[in-house]
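[1] sharing a sequence plus its predicted fold:
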Amino acid sequence: MTRSLTQRIILAFVSPAIAAAMEADSRAWKLHCGHCGHTQSIWEIGGIRYKAYGNSRMLRRCRNCGKISWQRLAKDSA
């Protein structure tokens, strides 16, 4: 999968080790659709969330069911 413009710009200025850590951390942060239960990582939608904390919500269209809703953003504990 290709990286988003945001990911390419930010990762161009960090070392390969930090870039790998950013990707791993971003993949741990998941968006959860309240309608269908579909889950996807921030990295998959083209974002970066590194060394972040706290859960939030994002208003967006679910790639699975197509409905616009507030999706819960939380870090996987595993």
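    In hand now; what should we look at?
[2] can you confirm Y50 is in a helix?
    No. Assignment of Y50 by DSSP: H, G, I helix; E, B strand; the rest coil gives coil, placing it outside any helix.
[3] mind listing what the spatially closest residue to it that is not a sequence neighbour touches?
    Using Cβ to Cβ, 6 or more residues apart in numbering and skipping the chain neighbours, the partner closest in space to Y50 is M22 (4.5 Å). Using the backbone N, CA and C atoms, a C-beta is placed for each residue, glycine as well. When contacts are counted by Cβ atoms under 8 Å, 6 or more residues apart in numbering, M22 touches 10-11, 14, 48, 50.
[4] how about M22, phi and psi?
    Torsion angles at M22 (phi, psi; degrees, to the nearest 10) stand at phi -60, psi -40.
[5] let me know the outermost residue of the chain.
    S15 (20.5 Å; Cα atoms, centre = their mean).
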